[in-house]
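1. got a structure for you, letters missing:
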């Protein structure tokens, strides 16, 4: 069976996902497109999905009879409404980060999906599909013994002036927040933020780097360095310390060179290259589940928990050094 | 456009390629199956390609009007006949190794394809599609300076008693023979085989390990250790020494563990895991070219050159320590 | 010139230092020995220093006319008195950790040395002499740009039941406390301790692991994991994050093995093996300075600062999560 | 006991060894110096060994009553005569490479020492004292199973025009020739040399790189790449393949840096830095044995075997691709 896909939002990521579905992956076909800028949707139709229909609104697209499932890749502020509409229509829906711009918005989606009674939403936390994290999780489950600490880093060579201190949480740490919940099969109870002196390359509105300390319900302490003007490269590090030993996220594949008096491997500099393979895997997972009228992978609840945790971290930035409690309602049975 | 594929030979590799086309890759569909053991073809139909027709013979399958392109994954001794039939039918044809069981057979395919005037055959040398070798080739072209030497190893933990000394060339070294021609953009002119003492774990009919030294037309010397009872793992090593520096094939991705007083990464033990991702890429490449009625990637000529080189290496095994000249006709323009 | 050395305290470390001076290093000779257990001193005389005189007390040894310089390797509680006596005698004195059992005691030594007006005391912080740390410091000064963060770990496979939570500071972290001051050329202003859940292998009187966060006057944040029941090995990790890049302490030299499906290097399990080479270097440094009637390397002030910082960390253990200010008087000019 | 040392030849290496004995190592003292250029010996006396007597000839120095043992660090062509004189005087003698400039000369020393009936000569093959090779030998003896192959490389960034093809054996490979005999506890029976195309940076009188293949009596095959214009650094590689696994010589200690989009370690560029620590160890070994009136470490026989093997390799260079047999008399019992 070929799942007929409608794509809402045909900017860079929407176009790229359309390409994946039509040119890389098995089991799906883009049949509908919509964008606030209609020309953008028409261009994707011309380049990638000639058989697709272009709709004036996301709502019309979702309502179209030949659309089996929906990709929400529009501007973040519109995610909530489209996801809620897709749930109302009973159509599987892949939503890029963020699920909603507020924790309350994410909670409304959770509530709607729970009311619907079946999973329909997959959130685009692609790291869970990265081969390195998958292998790391297996190592944590089978080799290191129960986890006790995580040492992590999220480093970016540079960010523009518009990038502010809270964005280090909402746009950057958000990936670690989700992937560590999944990696450890655990929930956060406390956040604390520590600021070293800021680096010379940072901007007026950004304290950089910062260290976020998260505690989990099981007592794991996670220290994540966020350093978005680290200059040397885009670098994601993660080390899990368990009862018996330590597992480390693999470096991206690189040729080892002996050159110019250096034993050297290239480090990536563009974040887009780091997890590019995982986008294929996450969308393939979506297509498979959608063929059965449901969703798999990261849930609305995961999106909500990421939002709740992010909010606590931002409070932690404002109250440097203070432990901020993270609270949330009981997990609905749908997400057990 | 969806390329309609016929698969001749539905053993392990044929079944796996059918799965790739129907469940993993975009742009193809298995519409025809054939196997000397009809039940095997029927099983693949049932499990993977319910819409496919099962044919009694490969020839009938190739002749079928709805078959756009052919996969030859049958027993090696039958490859030549099916590939020649596909060329006669003007249909793109992906052929697993070996292209033919003799250099003469491979040459007949080359001649037929040249006579046809357009590329139709892709040989299943999947290593050219491995991300590691692709990155290595790029490093050799852009960083190391012109290559001068290659140090390589092909190690297998163990082989059965039926595996004889010449099979170390025809079944094992064959991959290095092809991939180094491609990596260096060069041709072989001489082969020499050196035998250390055989390892304790080898069998009566197998001298193991052995070192094959190949010289190229450009003067590169390639030493490849073949050690198929190395015990510790399946391990492929390759280091290219150039004018300015050295590039090394990456190790397969692995979690670094600190465990039991060892800093350790797992080494693969099953060859099937080593290049598994490259099968997807090579077949995707085949589907794309077949959609245009042609073929890309490793050519019939490459298959022929591999056969000629293998034959020289086997002579070299018989005349240990002697330099065996490798000769072949001029390369047809079709493969320039 | 040969420096004539008296050794006070001939237990394991005293005996080992006597061996170094008489059998490994140039420029010194053990001429005097003393131990609360006279038989121990006599045994070192018999085995290592046949020409040495055994004295009943450390004070007599220090007073002996043919003793040029003193090694204080006795029980920690006696260090202060011997060092003060050596200063009073104007003799260079190498003192093993701790310089004194309290910050006040260390301060008395500082004051005595300052009053004497010339450096006479070297404290046995041997990590400053480790080739790895020396190379790391050079990298921090020349390659990484100014430091902003340090990520470190001090891991021991196991500790006995007698090892309590504060000992993780006084006996274990003490090395990091000193070596990071030296590495960063900086002073601490704040300490905070975070406890993950304790590991299953710990004891009733030990919370293990723990994470100590130190802030420096220049704004560097140092996170050090102390995990003394980590099981897998004795492992010292240190990574300095600077403005331009990151430098990492080298792993101890180890043979890389491909064995049993693992690419593996041995990790040490005994702390005594980790910095063994640095003892030679620190004592050679002492002999050279002592030949000129003075001392070099880690100072009394460094010993005092380590004591002050340790005390703050222990308070931090008692007030988990709280930032503990670290204060101390101005640095005397003698230690500028 | 302090061994009183006479140094014949006070050029760079003689001066450096004198410094070691007087300033670094325990148990020795330089009491006599001699050099064909007397001013050189006087300078070493002034700088390093003020109490030493300067002799007009090496023979007078050897004859001096207060000289217990001799270091021969003069011009290579004079080594044989001084070593023979030292043996005649019954004095332990450390001789830098080469023991003699011909195999016959080395054999005369062997014969003289055998006639004397006790070991007196240590040859300056310092790699046997390198911590990396020592660890590698232990790994080969305890972990890899019996060795079958060795893959090695000896790379130098550049050599002057005066360096000719045979010097790649006599001056460069000589170290591998000795250290592999020791590492494998084996003897060579055959040598073969293979030349790839020469690199662009080589000179008129030098074919570079070259690959020397040595076979041992136990059937081990050793391939060593010699590449003395490799440009990128001074790099010594060695990998031993055994029945059960593979052991690799450690890289020299280096700080791992993340800098400028590269994960990088420095590679040495000056050969003098590579084995500098092993000179201390070899001379300490000499002093210990000399204190007992004998010698230890690399023997005259080892020096002779290195000469015999080198000669075969040079013949192999002249007869490219040909297997050159290596023959030598039975090993005298003194060197069992």
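-> Cool, the structure landed. Only a predicted model underlies this, so the values are computations on that prediction, with no experimental measurement involved.

2. the closest residue to residue A:24 other than its chain neighbours: neighbour count?
-> Spatial nearest neighbour of residue A:24, excluding adjacent residues (Cβ to Cβ, 6 or more residues apart in numbering or on different chains): residue B:26 at 5.4 Å. C-beta here means a position set from N, CA and C on the backbone, and glycine is covered the same way. Look at residue B:26: counted by other Cβ atoms under 10 Å in any protein chain shown, it has 20 neighbours.

3. report the beta-bridge partners for whichever residue of the stretch 101-250 of chain A sits closest to chain B.
-> Here the residue of the stretch 101-250 of chain A nearest chain B is residue A:245; by Cβ to the nearest Cβ that distance is 3.4 Å. Bridge pairing for residue A:245 (DSSP bridges) gives the partners residue B:259.

4. distance of it from residue B:259?
-> Taking Cβ to Cβ, to the nearest Å as the measure, residue A:245 and residue B:259 are separated by 3 Å.

5. what's the overlap in contacts for these two?
-> A:143, A:144, C:232 (Cβ atoms under 8 Å, 6 or more residues apart in numbering or on different chains).

6. the residue of the stretch 101-250 of chain A closest to chain B reaches residue B:260, doesn't it?
-> Yes - with contact defined as Cβ atoms under 8 Å, residue A:245 reaches residue B:260; the gap is 7.0 Å.

7. how close does the nearest residue to residue A:303 once chain neighbours are set aside sit to residue A:306?
-> Leaving aside its sequence neighbours, residue A:303 sits nearest to residue A:99 (Cβ to Cβ, 6+ apart; 3.1 Å). The gap separating residue A:99 from residue A:306 is 8 Å, by Cβ to Cβ.

8. residues that sit against both of the two, list them.
-> Counting by Cβ under 8 Å, 6+ apart, the contacts common to residue A:99 and residue A:306 are residue A:106.

9. grab the longest helix from chain A for me.
-> Taking DSSP state H as the assignment, the helix of chain A that covers the most residues is helix A:300-318.

10. which elements pack onto that helix?
-> helix A:103-116, strand A:121-123, helix A:174-184, strand A:188-194, strand A:210-216, strand A:324-325 (3 or more Cβ pairs under 8 Å, 6 or more residues apart in numbering or on different chains; DSSP states H and E).

11. of all the residues in the stretch 1-150 of chain A, which one is nearest chain D?
-> Counting by Cβ to the nearest Cβ, the stretch 1-150 of chain A gets nearest chain D through residue A:132, at 15.3 Å.

12. residues in contact with that residue?
-> A:249, A:250, A:252, B:253, B:255.

13. now the last one: closest residue in space that isn't a chain neighbour?
-> Right, residue B:255. residue A:139 (4.5 Å).

14. wait, is the one you found part of a strand?
-> No - read with DSSP: H, G, I helix; E, B strand; the rest coil, residue A:139 is helix and lies in no strand.

15. wait, doesn't it sit right on residue A:245?
-> No - at 9.0 Å, residue A:139 does not count as touching residue A:245 under the criterion of Cβ under 8 Å.

16. please enumerate the shared neighbours of those two.
-> Shared contacts of residue A:139 and residue A:245, defined by Cβ under 8 Å, 6+ apart, are found at residue B:257.

17. go through whichever strand or helix holds residue A:280 and flag the buried ones.
-> In this structure, residue A:280 sits in helix A:276-290 according to DSSP states H and E. For helix A:276-290, burial by neighbour count (16 or more other Cβ atoms under 10 Å in any protein chain shown) applies to A:277-290.

18. now for these: which two are most distant?
-> A:277 and A:290 (20.7 Å; Cβ to Cβ).

19. tell me, how many residues neighbour residue A:195?
-> As a burial measure, residue A:195 scores 17 neighbours (other Cβ under 10 Å).

20. then residue A:53?
-> For residue A:53, the neighbour count with other Cβ under 10 Å is 17.

21. chain C contacts on chain A?
-> Residues of chain A lying near chain C by Cβ under 8 Å from any Cβ of the partner chain: A:146, A:148-149, A:151, A:153, A:192, A:194-197, A:199-201, A:209, A:211, A:213, A:215, A:218-221, A:223, A:225, A:227, A:230-232, A:241, A:243-246, A:321, A:323.

22. re earlier: who wins for proximity to residue B:21 among the helices and strands packed on helix A:300-318?
-> Closest among the helices and strands packed on helix A:300-318, using Cβ to Cβ: strand A:121-123, at 25.5 Å.

23. sorry, back to before: report all helices and strands that the helix holding residue A:280 contacts.
-> If you count contacts as 3+ Cβ pairs under 8 Å, 6+ apart, helix A:276-290 packs onto strand A:3-8, helix A:12-19, strand A:28-34, strand A:69-72, strand A:121-123.

24. now the buried members of the contacts of residue A:132.
-> Buried among the contacts of residue A:132 by 16+ other Cβ under 10 Å: A:249, A:250, A:252, B:255.

25. okay, and which of those residues map to helices?
-> Among the buried ones among the contacts of residue A:132, no residue falls in helices (DSSP H).

26. pull the most distant pair out of those.
-> Pairwise distances across the buried ones among the contacts of residue A:132 peak at 13.7 Å for A:252 and B:255 (criterion: Cβ to Cβ).

27. residues of chain A that sit close to chain B?
-> Contact residues, chain A versus chain B (Cβ under 8 Å from any Cβ): A:22-27, A:131-132, A:135-136, A:138-139, A:143-144, A:244-250, A:253-260, A:284.

28. what's near enough to touch residue A:320?
-> A:193, A:194, A:195.

29. got the contact list for the closest residue to the second one other than its chain neighbours?
-> In space, and not counting its chain neighbours, residue A:194 is closest to residue A:211: 4.5 Å by Cβ to Cβ, 6+ apart. Residues near residue A:211 by Cβ under 8 Å, 6+ apart: A:193, A:194, A:195, A:196, A:223, A:224, A:225, A:226, C:149, C:221, C:223.

30. go again using 7 Å as the cut-off
-> Residue A:211 sits next to A:194, A:223, A:224, A:225, C:221, C:223 when contact means Cβ atoms under 7 Å, 6 or more residues apart in numbering or on different chains.

31. list the neighbouring strands of the strand or helix carrying the last one plus their orientation.
-> Counting by DSSP H and E, the element that carries residue C:223 is strand C:221-227. For strand C:221-227, the paired strands and their directions (DSSP bridges) read strand C:147-155 (parallel), strand C:210-216 (antiparallel).
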